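Engineer: One predicted model, sequence on top.
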Amino acid sequence: MVEIGCKIIQDLLPLFIHGLTCDESIKTINEHLNKCDKCSQVYEALSEDINMEGNLISMGTNCSYSKLQKKIINIIYGMVGVTLIIGILMGVSTVILFK
């Protein structure tokens, strides 16, 4: 098997952490991590960052989505209300003009 350098292993680590690497890559990365303390430390740090980031994104997405959804619904209700008022005024003015 060909020895792969630290830079390539570190480039593959995010994919490895997310489970997006093939079996051969998993084997190669695991072998490298067992031998290389530097890459093992990078792996641990990335794992923590990705887990924290995932938690923040999922928490933030739910909160932001609810706020955004409420704003969009309020805008739609406002537009519908304005449209109804304009329609009523046009109907009333038509009846008055053509009496």
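Structural biologist: Yes, it's here. Only a predicted model underlies this, so the values are computations on that prediction, with no experimental measurement involved.

Engineer: residues near Phe16, how many?
Structural biologist: Per other C-beta atoms under 10 Å, the neighbour tally for Phe16 reads 20. Placement of C-beta: from N, CA and C, glycine included.

Engineer: Remind me which helix or strand it belongs to.
Structural biologist: helix 6-17 (DSSP states H and E).

Engineer: Which strands or helices does that helix pack on?
Structural biologist: Packing contacts for helix 6-17, counted by 3 or more C-beta pairs under 8 Å, 6 or more residues apart in numbering; DSSP states H and E, involve helix 23-35, helix 37-97.

Engineer: Name the residues of that helix that are buried.
Structural biologist: 9-10, 12-13, 16-17 (16 or more other C-beta atoms under 10 Å).

Engineer: Contacts made by that helix with the rest, please.
Structural biologist: The contact list for helix 6-17 (C-beta atoms under 8 Å, 6 or more residues apart in numbering) reads 21, 25-26, 28-29, 32-33, 36, 38-39, 42-43, 46-47, 50.
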